[in-house]
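Visitor: Kindly return the folded structure for what I paste below:
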Amino acid sequence: MTEALREPRQDRSRATRKRLLEAAIECLAEVGWSGSTVAVVAERAGVSRGAAQHHFPTREDLVTSAVEYVSQERLSRLREHAVDLPTGPGRTQAVIDMVEHMYTGPLFRAAIHLWVAASSDERLRERVLVLEAQVGRETHRVALELLGVDETVPGVRETVQATLDMARGLGLANLLSDDTRRRARVLRQWATMLDTAVGDARTV
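Guide: Numbers count the residues shown, from 1 in each chain. Reported below is the predicted structural model:
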């Protein structure tokens, strides 16, 4: 096969894979684990079931890969927006607003369905634990970068992790009802407290 023919085929393969990953997140967020079969995801992505299984032999492969892919895409976009963040105290509130969006959208809803399924499926749980550890480390690293703080300063690492844990908890509350107003008040107060807690550790 010539290089000219191979490249378009690889491009099509990447495009198909991307459609499947994005469709998997949409399905998982809307119909949960039980409804997100390979066949359902393939139909939404507009590809055959055989093509889907060529890329992802099992539902576990497809869904965990989808959560990892979209998580990495989201974190990459956060890094890209870092240049637009203000310096000084306003930066903390801006970062917290960005973190909030991570835990209130379709990706977070999809992840919740995946966690629930993993709680009663040992094989899936093993994969999700590895995935969550990886995404958690990367999310923490990005939060440190966006906040512009030095994690070697005592207490900074734990405070930033508390911020992420709190945002995730508020995101959970938002799944059942619109909690926007209360969440905004809590996060504004937390931004003030966070500024005080990490003020001496700022690098930007």
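Visitor: which helices and strands does the host helix or strand of G136 pack with?
Guide: Using DSSP states H and E, G136 maps to helix 122-147. Packing partners of helix 122-147 (3 or more Cβ pairs under 8 Å, 6 or more residues apart in numbering; DSSP states H and E): helix 59-80, helix 89-102, helix 106-119, helix 156-174. In this view, the C-beta of every residue, glycine as well, is placed from N, C-alpha and C.
Visitor: Out of the ones you listed, which gets nearest to R19?
Guide: helix 59-80 (10.8 Å; Cβ to Cβ).
Visitor: With mean pLDDT and distance to V130 as added columns, please give the helices and strands packed on helix 122-147 in CSV.
Guide: Formatted as CSV, the helices and strands packed on helix 122-147 follow (pLDDT from 0 to 100; distance: least, Cβ to Cβ, whole Å):
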stretch, mean pLDDT, distance to V130
helix 59-80, 90, 9
helix 89-102, 89, 20
helix 106-119, 92, 11
helix 156-174, 93, 19
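Visitor: I'd like those laid out as TSV, including distance to D150.
Guide: Formatted as TSV, these follow (distance: least, Cβ to Cβ, whole Å):
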stretch	distance to D150
helix 59-80	18
helix 89-102	15
helix 106-119	28
helix 156-174	7
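Visitor: Tell me, how many residues neighbour the spatially closest residue to C27 that is not a sequence neighbour?
Guide: Nearest non-adjacent residue to C27, counting by Cβ to Cβ, 6 or more residues apart in numbering: S36, 4.2 Å away. For S36, the count of nearby residues is 27 (other Cβ atoms under 10 Å).
Visitor: what's S36 in contact with, if anything?
Guide: A24, C27, L28, R59, V63, H113 (Cβ atoms under 8 Å, 6 or more residues apart in numbering).
Visitor: hang on, the earlier thing: just the angle between the helix holding G136 and helix 59-80, please?
Guide: On the basis of axes from the mean of the first three to the mean of the last three Cα atoms, to 10 degrees, helix 122-147 is oriented at 0 degrees to helix 59-80.
Visitor: which ones are touching the most centrally placed residue in the chain?
Guide: Centroid-nearest residue in the chain, with Cα atoms, centre = their mean: S71, separated by 3.4 Å. S71 is in contact with L107, V135, E138, T139, counting by Cβ under 8 Å, 6+ apart.
Visitor: Then R44?
Guide: Per Cβ under 8 Å, 6+ apart, neighbours of R44: A23, E26, C27.
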